[in-house]
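# quick one, structure for this:
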Amino acid sequence: MPDVRMAGPLLEDAIMTDNNKSENGIEPMIDAKQAAAALRLPYYWFADHAMRTKYRIPHYLMGGLVRYRLSELSAWAACSAAVQDRDAQETAASFEEAE
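Model (predicted):
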């Protein structure tokens with residue numbers, strides 16, 4: 001009988017197990033548009049130097065480009081008073097609209 005190998009589940013691929021890291025273990029950098037979409041925050045917070053400074057948003061300058069790491073932004077958003085205040089305002093506004 002020939003040697004027959006069984007295929008494993010497709011979702012066990014190394015690339016699929018960790019969305020934020022590539023095969024070499026380095027997290028990809030994202031731009032301002034992607035950061036704003038991922039955190040559901042205004043684009044200008046990430047695009048404008050004054051806003052990045054005001055809210056102390058973690059970022060990297062790469063030549064003339066500004067890039068972010070999603071893991072650092074998530075940690076920043078979890079402890080940032082500005083993000084929590086914005087979330088509270090959005091919740092109150094949606095509650096008022098429902099009434």
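# pLDDT at the most centrally placed residue in the chain, what is it?
Centroid check for the chain by CA atoms, centre = their mean gives Leu70 as the closest residue, at 3.5 Å. Per-residue pLDDT puts Leu70 at 96.
# residues contacting stretch 62-72, please?
20, 27, 29-32, 34-35, 38, 46-47, 52, 57-60 (CB atoms under 8 Å, 6 or more residues apart in numbering). Yep, even glycine has a C-beta here, placed from its N, CA and C like the rest.
# using PDB, write out every CA atom in that stretch.
Extracted C-alpha coordinates of stretch 62-72, given in PDB (Å, rounded to 0.1, in the frame of the first residue of the first chain):
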ATOM      1  CA  MET A  62      10.800  56.500   9.100                       C
ATOM      2  CA  GLY A  63      12.300  59.000   6.700                       C
ATOM      3  CA  GLY A  64       9.300  61.300   5.900                       C
ATOM      4  CA  LEU A  65       6.800  58.600   6.900                       C
ATOM      5  CA  VAL A  66       5.000  58.100  10.200                       C
ATOM      6  CA  ARG A  67       4.200  54.500  11.100                       C
ATOM      7  CA  TYR A  68       2.600  52.700  14.100                       C
ATOM      8  CA  ARG A  69       2.600  49.300  15.700                       C
ATOM      9  CA  LEU A  70      -0.900  48.000  16.400                       C
ATOM     10  CA  SER A  71       0.100  46.300  19.600                       C
ATOM     11  CA  GLU A  72       1.500  49.600  21.000                       C
END
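# mind giving me the ChimeraX command for buried ones among the contacts of stretch 62-72?
Selection of the buried residues among the contacts of stretch 62-72 in ChimeraX, burial being defined by 16 or more other CB atoms under 10 Å:
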select :29,30,32,34,35,46,52,57,59
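# how about the strands of this protein, start to end?
Using DSSP state E, the strands of the chain run over 29-30, 60-62, 65-69.
# one step back: let's see which of the contacts of stretch 62-72 end up in helices.
Counting by DSSP state H, these place 32, 34-35, 38, 46-47, 52 in helices.
# dump these into TSV; add pLDDT and distance to Val66 as well.
TSV is the format used below for the ones in helices among the contacts of stretch 62-72 (pLDDT from 0 to 100; distance: CB to CB, whole Å):
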residue	pLDDT	distance to Val66
Ala32	97	6
Gln34	97	12
Ala35	97	9
Ala38	96	15
Phe46	98	8
Ala47	97	8
Arg52	97	8
